[in-house]
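**Student:** need a structure here:
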Amino acid sequence: MDGTGKVLVAVRGLSVAYTLANGSRIPAVDDLSLAIGSEEIVGILGESGCGKSTLANALLRLLPAGAVCEQGEILFRGRNLLRMSERELRAIRGREVTFVPQDPALSLNPVLSVGSQVAEILRAHLPLGRKQRRARVLELLGEVGFVRPEEIYDAYPHQLSGGQRQRIAIAQAVACRPALLIADEPTSKLDAPLQEEIVALLAQIRRKHGTAILVISHDPAMFAGFIDRIAVMYAGKIVEIGNTAQILRQPLHPYTQALVEMAKSAVGAPVRTHFASIEGESPNPAAFPVGCRFEPRCRERMEICVQRYPPSFVPMPARPVSCFKYGE
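**Tutor:** Predicted coordinates for the structure are as follows:
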C-alpha cells in the first residue's frame, strides 16, 4: 500500500474464466486479491498468458465475450464495480478509471485527427464548449511531451511514430484527470530510449496529478525506480507481492527469482531477455495441477508441492509469497 494507507481499489477473491464453444471452462484469474493505494504505482509482472490482461479488463468491466467474473468483488472507492449498471460504469470509464493499450495503432481511429479523438473523451465526460475542449487538448498534448501541439492536433495516427501514438493514448487516458490509470504493456512496442521516455512520462503524471497507476508488463527491468510495489502473477494467481526494490534485490518465489535473473546482468544492470529461457512451459489452464502451478518448472520443488497449492506465507514484513519453502 501507499504511504497514506488509503485504498483506492480493492480486488478481493476475484476469479475470471472463459467459456469455450464446446462448453469447457478455462480459468484465467483464480481467487486473486490485490489492493492499490491512492497515488500508488503497482506493477503486475508475469509471462504472457498468466492472466495480467484479463485482470486489467475485469477492472474496467470490459471482458471479451465468453469471459465471466465467477466470484469476488472489485471495490473502487468502496463501490463494487461488478454490481454497477452499464450507465454507472460509463460515468467511471474514461473519467475516473482509464486505460492505455499495448498498441495504440489498433485503438486510434485512422480516419480522425488525433486532436479530435482526445477531444471526444472530454466531450463525453466534461461540460466544456468546443473552444474550451480544443484549448484543453492542446494543453494535454503539451503535457505528454509534444513541442508543437498544434501540428499534432491536426495529424492522423498514420502520420505519427509509435512513440508519438503512445503519447496520444496517454493524453486520452489522463484527459479527465482519472484516479486510476491502467497501462497494459505500455512500452513493449517501443525501442529502449522511447521506453524510458514513456516510463518517465507516467511517473510525471503520478507526481503532478496524484494518479494511481497499474502497470502490466512481462519485463522486470522497466519497474526499477518507477513502480512502488510489484505483484507477480503465474497461471492466474499472484505468487508474490512486495516493494519493488526488495523484489528486484531479493526475490522470494522461485518464479520471481527466475524472472529477475533474466532481467539483470551479472553486475545488476537491466537487460532485455525472453522468458523462453525458463525451463518448461506454463501449465494448461484447462487442467491446472492440484499442487503448485510452478512446480513442474521449479528447481527447488519438494514432494509437498505436488500435493496441494501453497498458501500465502509472510517470511518478511509485507512480503506475502505462495511457496512451501517458507512454511507448510
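**Student:** Report the residue ranges of every domain in this protein.
**Tutor:** As given by automatic domain parsing, the domain ranges for the chain are 39-62+83-96+180-326, 103-175.
**Student:** how much distance is there from the longest one to the middle of the chain?
**Tutor:** It refers to domain 39-62+83-96+180-326. Counting by C-alpha atoms, centre = their mean, to the nearest Å, domain 39-62+83-96+180-326 is centred 8 Å from the centre of its parent chain.
**Student:** first to last residue in it, what's the distance?
**Tutor:** Length of domain 39-62+83-96+180-326, first residue to last, C-alpha to C-alpha, to the nearest Å: 32 Å.
**Student:** State the mean pLDDT of it.
**Tutor:** When pLDDT is averaged over domain 39-62+83-96+180-326, the result is 91.
**Student:** which residues pair with the residue nearest to the spatial centre of the chain across the strands?
**Tutor:** In the chain, the centroid-proximal residue (C-alpha atoms, centre = their mean) is Ile216; its distance is 2.9 Å. Partner residues in beta bridges with Ile216, using DSSP bridges, are Ile44, Asp184.
**Student:** Which positions within the longest helix seen in the chain qualify as buried?
**Tutor:** Criterion DSSP state H: the longest helix present in the chain is helix 192-209. Across helix 192-209, burial judged by 16 or more other C-beta atoms under 10 Å covers 194-195, 197-199, 201-202, 205-206. C-betas here are computed from N, CA, C, even on glycine.
**Student:** One more: stretch 68-88?
**Tutor:** Neighbour-count burial for stretch 68-88 flags 69, 72-76, 81, 84 (criterion: 16+ other C-beta under 10 Å).
**Student:** What of stretch 19-39?
**Tutor:** 26-39.
**Student:** Sitting in strands, which of those do you find?
**Tutor:** If you go by DSSP state E, these have 26-37 in strands.
**Student:** secondary structure class for the closest residue in space to Ser24 that isn't next to it in sequence?
**Tutor:** Closest residue to Ser24 apart from its sequence neighbours, by C-beta to C-beta, 6 or more residues apart in numbering: Ala286 at 6.3 Å. Of the three states, Ala286 takes helix according to DSSP: H, G, I helix; E, B strand; the rest coil.
**Student:** what about Ala286, distance to Pro157?
**Tutor:** In this view, Ala286 and Pro157 are 38 Å apart by C-beta to C-beta, to the nearest Å.
**Student:** do the same with Glu196
**Tutor:** For Glu196 relative to Pro157 (C-beta to C-beta), the value is 23 Å.
**Student:** Turn the buried residues of stretch 68-88 into JSON lines, including secondary structure.
**Tutor:** Output for those, formatted as JSON lines (three-state DSSP):
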{"residue": "Cys69", "secondary structure": "strand"}
{"residue": "Gly72", "secondary structure": "strand"}
{"residue": "Glu73", "secondary structure": "strand"}
{"residue": "Ile74", "secondary structure": "strand"}
{"residue": "Leu75", "secondary structure": "strand"}
{"residue": "Phe76", "secondary structure": "strand"}
{"residue": "Leu81", "secondary structure": "helix"}
{"residue": "Met84", "secondary structure": "coil"}
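**Student:** All set, thanks.
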